[in-house]
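Peer 1: my questions concern the predicted model and sequence given below.
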Amino acid sequence: MSKIALFSAAVLLAAILPALADRPPNIVVIYTDDQGYADIGPNGAEGFATPNLDRMAEEGRLFPRWYAAQPVCSASRTALLTGCYPNRVGIHGALGPGSRVGISAEETTMAEMLRSQGYATAIFGKWHLGDHEKFLPLQHGFDEYFGIPYSNDMWPQHPTAKHFPPLPIFEGNERLRLADERDQRMMTTWLTARAVDFINRHRERPFFLYVPHPQPHVPLYVSERFAGTTERGLYGDVIAEIDWSVGEILNAIDTNGLAGDTLVVFTSDNGPWLSYGTHSGSAKPFREGKGTVWEGGVRTPCVMRWPGRIPAGTVCDEAAMNIDLLPTFARLAVAALPERKIDGKDILPLLVGEDGAKNPHDGEGYWFYYKQNELHAVMDGDWKLVLPHNYRTLPDGKGGDGGLPVAYRNVNTDLSLHDLAADPEEKSNLAEAHPGKVAELMKLAEAARAELGDALTKRQGAGTREPGRLGDGEAADLEKLHWPEGKPE
């Protein structure tokens, strides 16, 4: 970004936020794992309360049309941190231990962008963008890291897949120890303590704090303090502890006199893992969950607070996506955008409630992928075109019990058009009634295929980039570290 562009950005920011302090705002992103749309009080949570998230909504803004770029772990986190569709930067699905790919050093993360503007940066929680040292957070813009490198079920106690190595806990680039069940139970507490300490230590300078909780991804674990405290059972207890964590972070911000200088974003990486039944969340009233591009898989809870900047007790009915946070933060920090092309757009007008503010992607569409590089849906405004594809669903609509999943069945869906304003549950196919709209959205789909590819139509995208990759020696060393006695077949 040129000096003229940076000056223009600053002028534009001052026009929207005339009371902005001399320093750029602190930014806190709290990112949960597999938490369903209906798993917060403002969205109708049942069987447990979320008083601190309720408070965030009362003091800030609810975003009932907030989306993940993909309904699966690594891809969603990649989108958040790079402002790109995951397929653009070559990260798909959920990376496992010893993955030969990870985030590329050529990509600019949110943390790198903000650190270039003098921000202190930290991540406390789940990373999931590769576990080799060159993929870890300290090599991608973060000053501090404590947590786990991938999902908390990727360990030998997985209920259905026992082939995983022990789960490591990292401090910076070092493997602190291998996790046991006590570590799993205490993780939310420890991450919260780290977050509060970070805020206390950096109250005199701008900071970016990223708290990607490993919970409520299965296996569910909760500290003794919250065990048995909700009607919903273990899942509700876990959400109650996450809500407590939100409260502790808000209190630290307020106690340090930073409320008016701090934007707090709370959201989830994708919808609930429905096959786990009683150990999964709820996407009500939406269709399906994690791993699908139906609304239950990609629409996630989202609430933001920034007293004096974001209007209190308001709701934004416009659609927005996690890819839009990076360019929005760039504007707030008056930072240059990444040199490489990104897909997100500045949505600050939506955050601050500017009159007449619209989703800046209107007319261009949002693109949803799942199953590697398969284009499954395109959304523009209230309209969503679901393309023919195979997806997973529960056999009788019921998941498992006690931490054990039921098997999904795979089904095919035909082309369908949905008006999300009138039919958010995606029950009515309007394709025959609105052929013009189908044609319009198909043009967006073709643009997506040309730019990012589509395995279903055997298209190679012209705008895709390579992920980071391990050489044979690096991969062998990492595998030996994970499986010193040899990787099981």
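Peer 2: Structure's in. What do you need? Residues are numbered from 1 along each chain as shown.
Peer 1: what's the helix or strand harbouring residue 235 packed up against?
Peer 2: Secondary structure from DSSP states H and E places residue 235 in helix 234-255. The helices and strands touching helix 234-255, judged by 3 or more Cβ pairs under 8 Å, 6 or more residues apart in numbering; DSSP states H and E, are strand 26-32, helix 51-59, helix 181-201, strand 207-212, strand 262-268. For the C-beta atoms, the positions are set from N, CA and C on the backbone; glycine is no exception.
Peer 1: give the buried residues for that helix.
Peer 2: Buried residues in helix 234-255, counted by 16 or more other Cβ atoms under 10 Å: 234-250, 252-253.
Peer 1: tell me the angle of it relative to strand 207-212?
Peer 2: Between helix 234-255 and strand 207-212, the angle comes out at 170 degrees (axes from the mean of the first three to the mean of the last three Cα atoms, to 10 degrees).
Peer 1: next one: helix 234-255 to chain centre, how far?
Peer 2: 18 Å (Cα atoms, centre = their mean, to the nearest Å).
Peer 1: now stretch 298-315
Peer 2: Worked out by Cα atoms, centre = their mean, stretch 298-315 lies 16 Å from the chain centre.
Peer 1: alpha carbons of it, as CSV, please.
Peer 2: C-alpha atoms of stretch 298-315 as CSV (Å, rounded to 0.1, in the frame of the first residue of the first chain):
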residue,chain,number,x,y,z
VAL,A,298,-20.9,-22.8,7.6
ARG,A,299,-23.0,-20.3,9.6
THR,A,300,-21.4,-19.8,13.0
PRO,A,301,-22.1,-17.8,16.1
CYS,A,302,-20.5,-14.4,16.1
VAL,A,303,-20.6,-11.4,18.4
MET,A,304,-18.3,-8.4,18.6
ARG,A,305,-17.7,-5.7,21.2
TRP,A,306,-15.9,-2.4,21.1
PRO,A,307,-17.6,0.2,23.4
GLY,A,308,-18.0,3.6,21.9
ARG,A,309,-17.2,2.3,18.4
ILE,A,310,-19.6,-0.6,17.8
PRO,A,311,-23.2,0.4,18.6
ALA,A,312,-24.4,-1.5,21.7
GLY,A,313,-27.3,-4.0,21.6
THR,A,314,-27.4,-4.0,17.8
VAL,A,315,-27.7,-6.7,15.1
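Peer 1: what about stretch 292-299, how long is it end to end?
Peer 2: 11 Å (Cα to Cα, to the nearest Å).
Peer 1: ok so, going back, select, out of the helices and strands packed on helix 234-255, the one closest to residue 94.
Peer 2: When the helices and strands packed on helix 234-255 are compared by Cβ to Cβ, strand 207-212 sits nearest residue 94, at 13.6 Å.
Peer 1: got the contact list for that closest one?
Peer 2: 26-33, 77, 110-111, 114-115, 119-128, 142, 147, 191-192, 195, 198-199, 245, 249, 269, 329 (Cβ atoms under 8 Å, 6 or more residues apart in numbering).
Peer 1: all helices for the stretch 251-400 of the chain, in order.
Peer 2: Ranges of helices in the stretch 251-400 of the chain, per DSSP state H, counting those that start in this stretch, are 295-298, 325-333, 348-352.
Peer 1: how about low-confidence regions in the stretch 351-489 of the chain?
Peer 2: 489 (pLDDT under 70).
Peer 1: show me the strands in it, by range?
Peer 2: With DSSP state E, counting those that start in this stretch as the criterion, the stretch 351-489 of the chain has strands at 366-370, 374-380, 383-386, 389-393, 409-413, 416-419, 468-469.
Peer 1: what's the closest of the ones you listed to residue 449?
Peer 2: Evaluated with Cβ to Cβ, the strands of the stretch 351-489 of the chain place strand 374-380 nearest to residue 449, the distance being 6.1 Å.
Peer 1: who does the closest one pair up with?
Peer 2: With DSSP bridges as the test, strand 374-380 is paired with strand 366-370 (antiparallel), strand 383-386 (antiparallel).
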